[in-house]
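Chemist: quick check, what structure comes out for this input:
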Amino acid sequence: LETNATLTSLSIRDNNIGVDGATKIATALERKATLTSLNLSMNDIGDEGAAKIATALETNATLATLNLSSNMIGCDGAAKIATALETNGTLTSLDISYNCIGDKGAAELATALERNGTLNWLRLWLGNEIGHESAAKLRAVTTRKGIEVSRLPREE
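Modeler: Next up is the predicted model:
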């Protein structure tokens, strides 16, 4: 991946790459900027792997679509992704559904989306145990910024 100059889309969905694999992918994203779409869903990368990918997102200037669904990412990993979103200027689509980001991770993401200028599609509600208060904060930010959000809970 680090030496490939033409690959723009990569799906390694459901390959159990774990933290080690996420670290290698992150290193490649930092060094080689050709990927525009990356599907890492169902790979059990956890918070540590998410942090590695987040670090790469801070400097990567090509990735537009990222799927991190079903990776056992908790609030700490979501916070790292949120920090990366504050400076990343290319990511337009992010799927972090079916993780465990909870209210704290959702709040971090909402704050980051205030500063992000490129994300226009976000999928995070499914399986993340986000309460109504955090969902309302996300809804307010995404509505104001025109970000399409897949599956936030209904307002009560």
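Chemist: contacts and neighbour counts: CA atoms only from here.
Modeler: OK.
Chemist: just the strands from the protein, written as ranges.
Modeler: Along the chain, counting by DSSP state E, strands occupy 9-11, 37-39, 65-67, 93-95, 121-123, 148-150.
Chemist: what does stretch 100-114 rub up against?
Modeler: Residues outside stretch 100-114 that contact it (C-alpha atoms under 8 Å, 6 or more residues apart in numbering) are 72-79, 81-83, 85-86, 119, 127-131, 134-135, 137-138, 141-142, 145.
Chemist: go with 6 Å
Modeler: 73-75, 78-79, 82, 86, 128-130, 134, 138 (C-alpha atoms under 6 Å, 6 or more residues apart in numbering).
Chemist: got it, and stretch 145-152?
Modeler: Contacts for stretch 145-152 (C-alpha under 6 Å, 6+ apart): 120-123, 125.
Chemist: which ones are touching the closest residue to Ile12 other than its chain neighbours?
Modeler: Closest residue to Ile12 in three dimensions, ignoring its sequence neighbours and counting by C-alpha to C-alpha, 6 or more residues apart in numbering: Leu40, at 5.7 Å. By C-alpha under 6 Å, 6+ apart, Leu40 lies in contact with 12-13, 67-68.
Chemist: understood, closing this out.
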